[in-house]
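> give the three-dimensional model of this entry:
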Amino acid sequence: MCAALVSGLWEGGLFAKVLVAPDVAVREAFPGATTVQRTDYLSEAQASRIESLAGTPPSSRIVISWRAQKAGAPVGTAYLETHVVRTVSESILVVIDTHGSVQKVEILTFDEPEEYLPRTKWLEQFRGRSLDADLSLKGGVRGITGATLSSRAITSAVRRVLAAHAVLSESPAPDPAAPAPSVPAGSSVSPPRPASPDPAGVGGPQTPPPHPAPAPPGGTPPATPKDGSASRTIAAPLPNPEPETAAADQFLRKRLASNRGIKESTLEPGGITFGASWRQFCPRTGESIPS
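A predicted model of the protein is given here:
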């Protein structure tokens, strides 16, 4: 694991002098604790949120961290942060306690001249700091004389780590292996139906509307009676009737059309509209008969 992480510090041809291996630094930060390495991939929204909090964009969309526990209780999180100082890369380990404050900052790789290397005493001033206005060279962080870029780079990196920790803590990544909620076998409870919109604007979800009646074959809407009376649509018979039933339906339709002087074509199955003056219904087909 150490070799794989350190090899990433040479990406882009930027050689960096390794001072402390990442896994060694993690063990020293959490003595006697169990650590689990974690990799998070920032979304566009998360990256924007981190930039808004930290003041600078994330140095990478890939966040590598170690979660430490003792006796089953969390004791802190360590983050690997790699950035560029002038033209070469630098990596630091930022340890965050369970309250979201800095516990420790340690430089892992540094390829600048030795005189620009921040000393341990200077790094100790980050202990106990949180993401606020004092965490800046214009606030409560003392700069390094002659190494302004180094001190600014580390201060900005600590701010980014604190911001990433806050964002990842408030919106953990979903577990793709988690099963979807389901109704237990044999249960009479059905999954909830989504509520319909609130067209009246009275607030709150409305009762789901009933399923609409099927449209007439061919998609032609029923005609409006010329007399302006109220109308109703008669549902069509079930599809694919038995031969005997179909023959009986045809006979009754012809008889009805002959007796009432109605065109037989208006009595074909498929949603027929009648005025309110139609009161009786054919017992065989369910269609209205003039009174």
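> quick one: mean pLDDT for whichever helix or strand residue 23 is part of?
Assigned by DSSP states H and E, residue 23 falls within helix 22-29. What helix 22-29 shows for mean pLDDT is 96.
> pull out the buried positions in the longest helix along the chain.
Longest helix in the chain by number of residues (criterion: DSSP state H): helix 148-170. Buried residues in helix 148-170, counted by 16 or more other C-beta atoms under 10 Å: 150-168. To be clear about C-beta, it is placed using only N, CA and C from the backbone, and glycine gets the same treatment.
> again, but for stretch 67-83
Result for stretch 67-83 [16+ other C-beta under 10 Å]: buried residues 67-68, 75-83.
> can you give me the strands in the stretch 1-150 of the chain?
Remark: strands assigned in the stretch 1-150 of the chain by DSSP state E, counting those that start in this stretch are 34-41, 62-70, 73-85, 88-96, 102-109.
> the fourth one vs strand 62-70, what angle?
Read it as strand 88-96. Going by axes from the mean of the first three to the mean of the last three C-alpha atoms, to 10 degrees, strand 88-96 is angled at 30 degrees with respect to strand 62-70.
> same question, the longest one
For strand 73-85 against strand 62-70, the angle by the same axes, to 10 degrees is 150 degrees.
> name the helices or strands packed onto the longest helix of the chain?
Contacts defined by 3 or more C-beta pairs under 8 Å, 6 or more residues apart in numbering; DSSP states H and E place helix 148-170 against helix 44-54, strand 73-85, strand 88-96, strand 102-109.
> how about 6 Å then?
helix 44-54, strand 73-85, strand 88-96 (3 or more C-beta pairs under 6 Å, 6 or more residues apart in numbering; DSSP states H and E).
> can you list the domains in this structure?
Domain ranges of the chain: 2-170, 219-290, per automatic domain parsing.
> hmm, residue 54 is touching residue 163, no?
Yes: between residue 54 and residue 163 there is a contact at 4.0 Å, judged by C-beta atoms under 6 Å.
> the nearest residue to residue 98 once chain neighbours are set aside and residue 99: what is the separation?
Using C-beta to C-beta, 6 or more residues apart in numbering and skipping the chain neighbours, the partner closest in space to residue 98 is residue 74 (5.7 Å). With distances taken as C-beta to C-beta, to the nearest Å, residue 74 is found 11 Å from residue 99.
> go on, residue 47?
25 Å.
> tell me which of these two has more neighbours.
Using other C-beta atoms under 10 Å, the more surrounded residue of residue 47 and residue 99 is residue 47, with 16 against 9.
> pLDDT score assigned to the more buried one?
Looking at residue 47, its pLDDT stands at 97.
> now it: closest residue in space that isn't a chain neighbour?
residue 58 is the one closest to residue 47 (C-beta to C-beta, 6+ apart), at 5.4 Å.
> re the thing from before, between the buried residues of stretch 67-83, which is nearest residue 125?
Taking C-beta to C-beta as the measure, residue 125 lies nearest residue 81 of those, at 17.3 Å.
> in this structure the closest one contacts residue 162, no?
No: look at residue 81 against residue 162 with C-beta under 6 Å: they stay out of range, at 10.5 Å.
> tell me the contacts of the residue nearest to residue 47?
Going by C-beta atoms under 6 Å, 6 or more residues apart in numbering, residue 58 touches 47, 50, 160.
> quick one: residues contacting the second one.
By that I understand residue 50. By C-beta under 6 Å, 6+ apart, the residues touching residue 50 are 58, 163-164, 167.
> excluding sequence neighbours, find me the nearest residue to residue 116.
residue 147 (4.4 Å).
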